[in-house]
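**Q** Okay, here's the prediction I keep looking at, along with the sequence it came from:
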Amino acid sequence: MKLDLALLKSFITLPEIAPTELRHVFDDLGLEVEGIEDAFGKVIFNIETLAHRGDHLSALGIAREFAARYLKPLTFPDLLNELPNTPSTIAIKIDTEFCLGYSLLAIDLPDALQLATTIHKYLDPESGQHPIVQLSNFVLTELGQPTHAFDAAKLEGGLQVIVSTQEEEIIGLDLKKYLVPASSLLIKDSKKTVAVAGVIGCANSMVTSETKQVVIESAIFCPTHVRKTARAMGLSTDASYLFERGADIYLPDLALRRIAKLVLNARPSAFSSVKNLPPLLNLEIEIGRFRWHLNQPELLPAKVQERLLALGYHVEIIGEKLKCLVPSHRYWNVKTEACVIEDYCRTVGYNSIPATIPQTVMPDVLDHPSEFLIDAFEPILTAQGFNEVITRSYYSNDEVDLIAELDQELASQHLKIINSLEGAYSNLKLTNILHLAKVINRNLRFNIPTVKIYEFGRIFNNQGFPQTPYQLEKDFLTLAFAGRWYDNSWKKPVGLVENLANFSGVLTSLLSNLKIDFQILPSKNPLLHPGRQSQIVSNSKTLAVFGSIHPLLKDRLGFKEEMIFAEVFLDECYQLKKIKSEFQIIDYPPIKWDLTFKVPRRVAASRVLQVIEEANPQFLKSAVIVDSFDKPDENFTRISYRFHFQEVSRTLSNEEVDQVIAKLLVDLKEQHQLEIVS
Amino acid sequence: MSLENIIDIKKQFHLEQAAVLDDVQLNTFRLAWLGKEGILKKLFSKLKDVPLADKPTFAQEINSLRDQAEEFVRLKQEEFAAGQRNKKLAEEYLDLSLPANYLGLGKVHPIRLVERKITKILKKFGFSFVEGPEVETEYYCFDALNIPKHHPARDMQDTFFTESGHVLRTHTTAILSRELEKKNLPLKSIYAGRVYRNETEDASHQAMFHQYDLVWIEEGIGLSHLMGLMEAILKGVYGQERKVRFVPKFYPYTEPSLGAQIDCALCEGKGCPACDGAGWVTVAGSGVVHQNVIKEFGFNPDIVGGIAFGFGTSRLAGQFFNAPNLKTLYDADLRYLGAL
């Protein structure tokens, strides 16, 4: 809000300090100063008030904070001594609990309405507003009570405060059309809606220069209802802004008395009011609670009392207790002792409270699984030149459609956001391939020769993920690469095969760092190239999937280069990690055999290893791939495997191993048609 | 054979020594002088013919010549071997000034670096890292945290709702609800991660951003502890020389609520456009955990206290790395991230 310093000073005597010094007191009171305008003899503070403090939206409310800080009295502005005894001819009916009070003051207007000269300096002569509207706005700024002026001649019958049952269209005072949703608080006369309560009046009853009598409404509406309606209408007015934050429930009639006092040549002719005011809350608080929070064991009840009194509380000291009657301007938000303690803290300033670090028993601090995995993976990834990125968790329907081109079933598993403001937020991502592909593409366009990126994050799925800590989401690590494997390499780039091997090597390093034994097996990820992908499996669990991005995605995303992508599933990795390696040193020498098989094209080299493992040959310690060779005219690949045979307790004989090999070869040929080359 | 002959032989020896320029000549020299049929062998065999009086001197001379010849051959062999080795090494020259096959060093994201910096400080105080779901129920995200139905944070405009009836967590404090439900006190936890707000993105607002929360629930914890802890942590994060102050704020799940401010680094507290002339910049929100939150999980707020505070990690990373446009942190432009 914008506060004229002169108006504030009309309530309280402030220390003679420069506005730039005074701003720190404002800040300290929770009235954050965003700027000071100092021109033409006026000092205006632009203040960001706290979201729950309707009372701070007026000079009176702010003056009250200064009064409690400096323990100085407030000077309340002049009011009309009494409102007219004559009831308004306009009947009031409140049909809802969401209006706590509704008052109407009728004023007969002369041809030229004169307002008190003391307020002229606060009014804007250029505003073009009717003087009564200017007065209403001034009282809002001064006291914090929204009021609204109706042209009495335009009202038909009595006024009724109701909760609407259906949506309706109104034309506001700003002459714009608004749709007011059902369940809004409305002010209606016998024939029409004349105002949306606490938000805006309607043009059909607005004051004009022709108006002879005004009826000024001063009421209290429920913050929730005002906020919901204003939001639904896409409108925020000074009145709605204040009502949303809670107005002083005892203020409406005082505001009307202030208005009546400030019109010099007009006569308030009638006054009516209907009230349904709740009792004010009484809180009993042990002085020990203040002492404990403020770390001031000697704090006296009387010290607390004098500050709270200055804030408008009624405070009675009963032994070690303070009986605090919550003031009407804090009706909406002081509900617990903590609120009262907060009020007291503000009056003395938080920075005067002695801060201390608590004594505590230090609990064991354990690494969270995600911390453990990040610590294990990050050094490897960064040493291999991978840069961490953070991409957004959502994408648009267009991206879902792109996935649907490859896999309808997968696309249907997206968890949709039903109220996204922007199309880009319509779906939570269930793969990170699209985001990383876009990051790669963008960076390649910047002529960055090597783009290696990784991201720790979450993917989401409307079906849920089994065996993960969260219902609809799952932790992942994704990696992607395009360009040259070596950063700024000056040599001819290596081919896709070598890049895939390099990439696979990074994944192998990650899992090896967790001491996980794994196999690399064929996979069927719909978003990867069907012939250029694999999965890393351990204990029948897929730990990662990797390969070249599917050509269709590549085309749709405008890629020219190959992109390699991997998705690593962190929950599974964490479950299978080992703290210690199971490696055992055997003192007896191994016997090595190198065998080359004819492996049909499209059968993975690792598949042979899997078959061998399933055959479980005696004495076999390990089998690894050591070479591969293709001839263009052959429909198979020659793949060499190295077998290590070893016994823990003795040296094996060649004959023993020969027998095992012979049996293995027979099995491979008969059951899997794998022929040996050499 | 006489001593005069020895003088001539020595002259010849020195002449032939001087003529040895390579391996082959050295071998010829060695055979000529030290070989089985060499000059020195012959001289030794003629020693018997030398007059008795000259014999000691003659023997001494040819022994000396033999020593010189052997030393000469040894030294020359070493010299020629070294020369050959050097020649071979010279031929094996490789230009190591050619560019390396450099993998490049990857970088950790600025937000993660900031999280790590804060976590390092907090772990010294005994806080443990905890995670929670991003797709959350309204209960854990709002109701349990004293954010009633009418609070603006629950508006459709601010909160993402999913078709599954969940919300995307609007703050990492949602994890606090889940932790309090476990009823294990004392609770000293830190929460960090992505949070979501349904708003249009611009330079300073993102629909997805990062937060970092700390919560300490234990008997006897109160406001002055919060302030002491925050001051220690903020000085750890920003530097011991920085000034810290507290101003009133409002958060629904804390009461009292405080904003922690540090003196503006740009103007050193004097006031500048970056700090709206205040000389102070708000860096964290905090407060005493609201009594309603404590009660919600069955604890007695007269006994059990709690303090909490949170950083906007994205904003903090922006401050640390001089990246005021938050969008750049999420756009993954490696030219930019690499330079931070």
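**A** Yes, it's here. What you see is a predicted model; the values in this text were computed from it and never measured.

**Q** How many neighbouring residues does the closest residue to chain B within the stretch 551-678 of chain A have?
**A** Closest residue of the stretch 551-678 of chain A to chain B, C-beta to the nearest C-beta: residue A:570 (11.0 Å). Every C-beta, even on glycine, is put in place using the N, C-alpha and C of the backbone. Residue A:570 has 22 neighbouring residues, counting by other C-beta atoms under 10 Å in any protein chain shown.

**Q** Residue B:179 too?
**A** Residue B:179 has 17 neighbours, counted by other C-beta under 10 Å.

**Q** likewise residue A:209?
**A** If you count neighbours by other C-beta under 10 Å, residue A:209 ends up with 8.

**Q** tell me the contacts of the closest residue in space to it that isn't next to it in sequence?
**A** Distance criterion C-beta to C-beta, 6 or more residues apart in numbering or on different chains; nearest residue to residue A:209, sequence neighbours excluded, is residue A:130 at 6.9 Å. Contact partners of residue A:130, counting by C-beta atoms under 8 Å, 6 or more residues apart in numbering or on different chains, are A:149, A:207-209, A:211.

**Q** Just confirm the residue of the stretch 551-678 of chain A closest to chain B contacts residue A:371, I think it does.
**A** No. Residue A:570 is beyond contact range of residue A:371, at 11.3 Å (criterion: C-beta atoms under 8 Å).

**Q** Give the buried residues for stretch A:150-158.
**A** Within stretch A:150-158, the residues that count as buried by 16 or more other C-beta atoms under 10 Å in any protein chain shown are A:150-152, A:154-155, A:158.

**Q** and it, how far out from the chain's middle?
**A** The gap between where stretch A:150-158 is centred and where its chain is centred comes out at 46 Å by C-alpha atoms, centre = their mean, to the nearest Å.

**Q** again, but for stretch B:200-216
**A** 26 Å.

**Q** same check, this time on stretch A:361-380
**A** Taking mean C-alpha positions (C-alpha atoms, centre = their mean), stretch A:361-380 and its chain are 26 Å apart.

**Q** Repeat that for stretch A:508-519.
**A** 37 Å.

**Q** Is chain B within reach of it?
**A** No. Using C-beta under 8 Å from any C-beta of the partner chain, stretch A:508-519 stays clear of chain B, coming no nearer than 12.2 Å.

**Q** which parts of that stretch are buried?
**A** Of all the residues in stretch A:508-519, those buried under the rule 16+ other C-beta under 10 Å are A:510-511, A:514, A:516, A:518.

**Q** Buried only: go through the contacts of residue A:130 for me.
**A** A:149, A:207, A:211.

**Q** Over to the first one. Which of the three states is it?
**A** Right, the one you point to is residue A:149. Of the three states, residue A:149 takes strand under DSSP: H, G, I helix; E, B strand; the rest coil.

**Q** ok, it - contacts?
**A** Applying C-beta under 8 Å, 6+ apart, we find residue A:149 in contact with A:130, A:132-133, A:136, A:201, A:207, A:214-217.

**Q** separation between it and chain B?
**A** Applying C-beta to the nearest C-beta, to the nearest Å, the value for residue A:149 to chain B is 28 Å.

**Q** Run through who's touching stretch A:513-522.
**A** Here stretch A:513-522 makes contact (C-beta under 8 Å, 6+ apart) with A:373, A:376-377, A:380, A:504, A:511, A:533-538, A:543, A:573, A:576-582, A:604, A:606-607, A:609-610, A:613.

**Q** Just the ones of those in strands?
**A** Among the contacts of stretch A:513-522, the subset assigned to strands under DSSP state E consists of A:533-538, A:543.

**Q** Show me which pair in those residues is furthest apart.
**A** Farthest-apart pair in those is A:533 and A:538; separation 17.6 Å (C-beta to C-beta).

**Q** Looking at those two, which has the bigger crowd around it?
**A** Shown here are residue A:533 and residue A:538; by other C-beta under 10 Å, residue A:533 has more neighbours (23 against 18).

**Q** tell me the contacts of the more buried one?
**A** By C-beta under 8 Å, 6+ apart, the contact list for residue A:533 reads A:522-525, A:545-548.

**Q** Which pLDDT value goes with it?
**A** For residue A:533, the model assigns a pLDDT of 95.

**Q** If we ignore the residues flanking it in sequence, what's nearest it?
**A** Nearest residue to residue A:533, sequence neighbours excluded (C-beta to C-beta, 6+ apart): residue A:547, at 2.8 Å.

**Q** Alright, calling it a day.
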